[in-house]
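In: What follows is a predicted structure for the sequence shown.
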Amino acid sequence: MLTDQERAVAADILLEAERSRTPAVQLSKTFPGIEVEDSYAIQSEVTRRKVSSGRRIIGHKVGLTSRAMQQSSQIDEPDYGHLLDNMMIADGTKLSHEDYCVPRVEPELAFVLGSPLKGPGVGLPDVLRATEYVIPAIEVIDARVQNPRKITDTVADNGAAAGIVLGGRPVRPHDVDLRWIGAVFYRNCEIEETGLAAGVLGHPAMGIAWLANKLGRFGTGLEPGHIVLSGSFTRPVWANRGDTLLADFGPLGGVAVQFV
């Protein structure tokens with residue numbers, strides 16, 4: 001376990017990496033004794049500082065929920081991060097590539113809650129009842145620490161959350177079989193990845209249930225109006241300067257972003 005001072009130094013490192021757009025040395029190397037509990041405390045400290053400077057929490061992301069993502073990251077358990085208001089990106093936006101360290105993108109389903117959720121004991125039916133609607137999304141991820149990363153590095157780095165793009169057609173969770181929502185992910189007109197939402201823990205709502213139960217251990221819940229990204233069901237796609245990334249969700253429409 002790290003001391004409070006070491007956790008504060010780790011938060012400084014991550015904030016400076018984000019500011020300078022230069023990935024820092026892995027916290028697992030700088031602090032060999034770091035544990036997952038430390039990492040969540042560091043993540044919370046970074047978030048607290050951002051909120052103190054005027055940012056607002058609008059939800060959470062769940063990561064590493066699919067086999068594809070766990071294999072690509074060499075990590076075998078989910079994680080979560082906070083979503084802040086300045087991470088919202090309009091569908092079709094042109095993003096400056098230089099504003100990120102090493103950006104990548106993933107297709108996901110975003111759950112927008114109409115009722116609160118708080119663990120323990122949250123299951124699939126609870127998530128479906130609490131969800132106002134589900135909408136296609138692209139998550140922009142941007143690691144502020146160098147590769148190869150351990151779970152402690154990823155968690156401390158807010159799950160690499162950097163942006164969220166919502167688009168397409170929102171649907172109520174009981175109107176479609178969420179497991180069978182699929183996406184074809186294009187980069188510059190070429191298909192890079194395809195997948196089904198069932199790749200997220202068997203059902204994308206299970207990612208939300210996992211998060212509610214995880215946060216419940218700390219006395220925290222998910223609030224009405226919060227956006228929760230359920231986790232990617234494909235491997236991440238690199239976003240290079242000049243790339244246009246499009247996630248085609250079929251009947252639910254598409255969502256896109258461009259890096260310039």
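Out: Nice, thanks for sending it over. Numbering: from 1, shown residues only.
In: Helices of this protein, start to end?
Out: 4-20, 27-30, 36-52, 67-73, 124-130, 151-156, 204-216 (DSSP state H).
In: so which of those comes closest to residue 174?
Out: With C-beta to C-beta as the criterion, residue 174 lies closest to helix 124-130 of those, at 6.5 Å. C-betas here are computed from N, CA, C, even on glycine.
In: For the helices of the chain, give me TSV that also has mean neighbour count and mean pLDDT.
Out: Formatted as TSV, those follow (neighbours: other C-beta atoms under 10 Å; pLDDT from 0 to 100):
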stretch	mean neighbour count	mean pLDDT
helix 4-20	16	98
helix 27-30	19	98
helix 36-52	18	97
helix 67-73	17	64
helix 124-130	17	98
helix 151-156	26	94
helix 204-216	24	95
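In: okay if I get those helices as a markdown table plus distance to residue 118?
Out: Output for the helices of the chain, formatted as a markdown table (distance: least, C-beta to C-beta, whole Å):
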| stretch | distance to residue 118 |
| --- | --- |
| helix 4-20 | 26 |
| helix 27-30 | 29 |
| helix 36-52 | 17 |
| helix 67-73 | 26 |
| helix 124-130 | 10 |
| helix 151-156 | 21 |
| helix 204-216 | 5 |
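In: Out of these, which is closest to residue 102?
Out: With C-beta to C-beta as the criterion, residue 102 lies closest to helix 4-20 of those, at 11.0 Å.
In: follow-up on the earlier one: so for residue 224, which of the helices of the chain sits nearest?
Out: helix 124-130 (8.3 Å).
In: could you say what helices and strands the closest one packs with?
Out: helix 204-216 (3 or more C-beta pairs under 8 Å, 6 or more residues apart in numbering; DSSP states H and E).
In: distance between the helix it packs on and the chain's centre?
Out: Computed by C-alpha atoms, centre = their mean, to the nearest Å, the chain-centroid distance of helix 204-216 equals 13 Å.
In: roughly how far apart are residue 254 and residue 165?
Out: 11 Å (C-beta to C-beta, to the nearest Å).
In: which one of those two has more residues nearby?
Out: residue 165 (25 against 20; other C-beta atoms under 10 Å).
In: wait, what's in contact with the more buried one?
Out: For residue 165, the contacting residues are 89, 90, 91, 93, 137, 138, 139, 140, 255, 256, 257, by C-beta atoms under 8 Å, 6 or more residues apart in numbering.
In: try residue 10
Out: By C-beta under 8 Å, 6+ apart, the residues touching residue 10 are 2, 27, 30, 31, 34, 38, 42, 156.
In: if I pick the residue lying closest to the fifth one once chain neighbours are set aside, what's in contact with it?
Out: For residue 34, the nearest residue in space outside its immediate sequence neighbours is residue 152; the separation is 4.9 Å by C-beta to C-beta, 6 or more residues apart in numbering. Residues near residue 152 by C-beta under 8 Å, 6+ apart: 27, 28, 34, 35, 36, 38, 39.
In: again, only using 6 Å
Out: By C-beta atoms under 6 Å, 6 or more residues apart in numbering, the residues touching residue 152 are 28, 34, 36, 39.
In: those strands in the stretch 51-200 of the chain, which residues are they?
Out: Using DSSP state E, counting those that start in this stretch, the strands assigned to the stretch 51-200 of the chain run over residues 57-63, 79-84, 88-89, 94-95, 103-113, 131-142, 161-166, 182-187, 190-196.
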